[in-house]
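Peer 1: generate coordinates for the sequence data below:
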Amino acid sequence: MIKKLSKIKYKILQSHFMQVYLTLSLNAKNVLEIGKETGFVSSILNQHCNLTTLDSQEEFEPNLLIDITDLKQLDTLENETYDLILLCEVLEHIPYERIDGILEILEKKTSKYLIISIPNHTTYVNLILFNHSIKFKTLKNYFNLFFSMIQKLISKLDYFFRTKRKKFNLIKHEQEWQTHQWELGIDKYSINSFKKLLQKNFTLIRDERHKDHPYHHFFILKKRYKNVKKKE
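Peer 2: The predicted structure is shown next:
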């Protein structure tokens, strides 16, 4: 554990803290973390909630040894057992065409939330103007909304003129399980198309990129309860 943690870069550390912050901010009590890896996130969450870890790699010593690409195996998890499922930096290792089935099953397993993070190649611009000196809350909100719109516009233009024309090549790391199959902002993998995929099974509460590590794009999702007709 210590040897692995010593290799974590500053930016990756910020992403780990973001996972912890989002989980705690949603007051989740029963949490499922898919993709344990170094165990840094789980070592903190274990102190604040009832955490279950899941991974396909036995070397990470997860509570549940499951390959989420095996839908039958993934579906063995009990329905609505977890308040929140944490799925960060995992889906890019799986062929894009198989993600829809995984999300459909995870929708049944969470009772409230799903947090996802994915690598994003589009340009990120962080604009702050008099943010702390603005006294009126309404005016401050207008400024934040305005800059948020600018950021999204730049991201869309960047994807259209630059990254859309790139073809994604598999990014291979030291181990086979670390290979990236796709990433946002390259080829056909736009942010909008990914959001549509997420919204087939969930309500998108918000999405954001950490200012110190914008390569990781977070999506906070909420379970969409279906209307059940009462028997007359």
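Peer 1: which helices and strands sit right next to the longest helix along the chain?
Peer 2: With secondary structure taken from DSSP state H, the chain has its longest helix at helix 137-161. Secondary-structure packing of helix 137-161 (3 or more Cβ pairs under 8 Å, 6 or more residues apart in numbering; DSSP states H and E): helix 191-198. (Glycine included, C-beta is placed from N, CA and C.)
Peer 1: other SSEs contacting the helix or strand just after the helix it packs on?
Peer 2: As assigned by DSSP states H and E, the chain's next helix or strand after helix 191-198 is strand 202-210. Contacts defined by 3+ Cβ pairs under 8 Å, 6+ apart place strand 202-210 against helix 10-25, helix 191-198, strand 213-223.
Peer 1: ok, 7 Å please
Peer 2: Helices and strands touching strand 202-210, by 3 or more Cβ pairs under 7 Å, 6 or more residues apart in numbering; DSSP states H and E, are helix 10-25, strand 213-223.
Peer 1: show me which positions of the last one end up buried.
Peer 2: Of all the residues in strand 213-223, those buried under the rule 16 or more other Cβ atoms under 10 Å are 213, 214, 215, 216, 217, 218, 219, 220, 221, 223.
Peer 1: do the same with stretch 73-84
Peer 2: Buried residues in stretch 73-84, counted by 16+ other Cβ under 10 Å: 74, 77, 82, 83, 84.
Peer 1: can I get that stretch in CSV, CA atoms only?
Peer 2: Extracted C-alpha coordinates of stretch 73-84, given in CSV (Å, rounded to 0.1, in the frame of the first residue of the first chain):
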residue,chain,number,x,y,z
GLN,A,73,-22.1,-11.6,-12.5
LEU,A,74,-22.6,-7.9,-11.9
ASP,A,75,-26.4,-8.5,-11.6
THR,A,76,-25.8,-10.9,-8.7
LEU,A,77,-25.5,-7.8,-6.4
GLU,A,78,-28.6,-7.1,-4.4
ASN,A,79,-30.9,-4.4,-5.8
GLU,A,80,-30.9,-1.0,-4.1
THR,A,81,-28.3,-2.1,-1.5
TYR,A,82,-26.1,1.0,-1.8
ASP,A,83,-26.9,4.7,-1.3
LEU,A,84,-24.1,5.5,-3.7
